[in-house]
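In: Just need the structure, nothing else, for what follows:
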Amino acid sequence: MEMLRAEEESARERLSLETLTVHPRIASWREAFRSAGIKPSEFRASIEAMTRRALRHQELPSINTLVDIGNILSLRHILPIGAHAIDVVTHDLVLCRASGEEEFVPFGSDQVEHPVSGEIIFKEGNTVLTRRWSWRQANHTMTLPTTKAIEFNVDGLPPFSKYDVEEICQELMGVVKQFCGGQIHYEILTRQNPRIAIKR
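Out: Numbering: from 1, shown residues only. Predicted coordinates:
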């Protein structure tokens with residue numbers, strides 16, 4: 001938790017609410033959302049919402065070590081890092097456009113929602129794990145004390161390069177290894193490499 005509080009303070013020293021939307025690493029997500037038909041002022045990318053919260057001196061909740069690590073590195077580098085428990089997953093994980101028939105139960109809720117047809121979603125089978133690309137996460141793959149396998153999505157848009165994303169993945173693996181142990185590896189998904197096999 002101390003590392004999370006320290007990263008929030010670092011964000012406040014480096015950034016301001018007044019200029020946040022023009023910061024290159026936030027502006028790229030706002031533009032990507034606009035290009036996908038998502039209003040960024042109505043549905044903020046997770047990294048913008050998280051950073052705004054830190055800048056308003058609203059502490060991020062310390063949920064568990066793995067989630068905290070993702071949040072710490074998200075704030076440190078200003079990019080979305082989402083964690084999903086994959087020991088509960090039985091289908092392929094896919095980033096795609098929604099049909100609108102998929103089901104989504106938001107984190108902390110028991111109400112079933114359906115994405116808008118054409119919305120960018122991260123899903124498993126017919127179950128939505130994240131709505132609007134990097135906006136809101138589901139209960140289904142929530143990280144729990146009993147979780148034995150997890151995957152982190154490190155979502156890099158320009159100005160991040162592939163090399164930058166790889167460096168952050170290496171840093172993430174190092175921190176996870178330090179505090180949690182386990183077997184860890186990473187792979188990079190790109191337009192040229194659109195599929196990977198997840199090892200559990």
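
In: mind listing what residue 84 touches?
Out: Residue 84 sits next to 93, 129, 141, 143, 150-153 when contact means C-beta atoms under 8 Å, 6 or more residues apart in numbering. C-beta here means a position set from N, CA and C on the backbone, and glycine is covered the same way.

In: in the sheet, who's paired with it?
Out: residue 151 (DSSP bridges).

In: what's the pLDDT at it?
Out: As predicted, residue 84 sits at a pLDDT of 96.

In: Give me the neighbour count for the nearest residue to residue 127 once chain neighbours are set aside.
Out: Distances taken as C-beta to C-beta, 6 or more residues apart in numbering put residue 140 closest to residue 127, at 5.4 Å, once the chain neighbours are dropped. Neighbour count for residue 140, taken as other C-beta atoms under 10 Å: 18.

In: show me where the protein has strands.
Out: Ranges of strands within the chain are 81-85, 93-97, 120-124, 127-131, 136-137, 150-154, based on DSSP state E.

In: and residue 107, which of those strands is closest to it?
Out: Closest to residue 107 of those, according to C-beta to C-beta: strand 136-137, at 5.1 Å.

In: For the most centrally placed residue in the chain, give me its contacts.
Out: Central residue of the chain (C-alpha atoms, centre = their mean): residue 82, 2.7 Å from the mean position. Applying C-beta under 8 Å, 6+ apart, we find residue 82 in contact with 46, 70, 130, 134, 137, 152-153, 155.

In: if we can go back for a sec, rebuild the strands of the chain as a markdown table, extending it with distance to residue 62.
Out: Below are the strands of the chain laid out as a markdown table (distance: least, C-beta to C-beta, whole Å):
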| stretch | distance to residue 62 |
| --- | --- |
| strand 81-85 | 14 |
| strand 93-97 | 26 |
| strand 120-124 | 24 |
| strand 127-131 | 21 |
| strand 136-137 | 17 |
| strand 150-154 | 17 |
